[in-house]
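Chemist: Below: sequence and its predicted model.
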Amino acid sequence: MEQTKLELKRGRTKKYGIQFVDGNGIPISIVGWTIYFTVKEHLSDLDSAAKIKKIITDHVDAINGKSQISLSAVDTDLVGNYIFDITGKTNLAEVYPILEGFINFTEVVTQVTS
């Protein structure tokens, strides 16, 4: 799997829309699926020690394969380079890697606190 590089500003909210399609671009139903988004400092870290861990079971449009990963300002209150992945677990308990790579959280000029 190809490594993806993401960059986010510290303390900012972000929403990532994702859609599942087959090889012909036809949407795949994700009804009953669970999507996991995990950010860790080291690959060997336990999931319980993840810097960010999102478990998504409520999708935007599951029949048409659409979901969303929402990150809050608290989630992104990090600085530095981390590893991440997105994994899907189907309603048949099959587990598939979706995307993996590196995520860099950078400082911001204006640090909004209220």
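Modeler: The structure has been received and is ready for your questions.

Chemist: Can you give me the buried ones in stretch 30-46?
Modeler: Buried residues in stretch 30-46, counted by 16 or more other C-beta atoms under 10 Å: I30, W33, T34, I35, Y36, F37, T38, V39, K40. (Glycine included, C-beta is placed from N, CA and C.)

Chemist: residues touching the last one, list them.
Modeler: So the one you mean is K40. A49, A50, K51, Y82, I83, F84 (C-beta atoms under 8 Å, 6 or more residues apart in numbering).

Chemist: Tell me what it is bridged to.
Modeler: I83 (DSSP bridges).

Chemist: longest strand of the chain?
Modeler: Determined from DSSP state E, the single longest strand within the chain is strand 95-106.

Chemist: Just the pLDDT at the nearest residue to F37 once chain neighbours are set aside, thanks.
Modeler: Residue nearest to F37 in three dimensions, not counting chain neighbours: K54, with 4.2 Å by C-beta to C-beta, 6 or more residues apart in numbering. pLDDT for K54: 98.

Chemist: my guess is K54 contacts I69, does it?
Modeler: Yes. Here K54 reaches I69: they are 5.8 Å apart, a contact under C-beta atoms under 8 Å.

Chemist: Determine the residues that are contacts of both of these two.
Modeler: Residues touching both K54 and I69 (C-beta under 8 Å, 6+ apart) are I35, F37.

Chemist: Contacts only, for the most centrally placed residue in the chain.
Modeler: Centroid-nearest residue in the chain: F37, 3.6 Å away (criterion: C-alpha atoms, centre = their mean). The neighbourhood of F37, defined by C-beta under 8 Å, 6+ apart, consists of I52, K53, K54, I56, I69, F84, D85, I86.

Chemist: All set, thanks.
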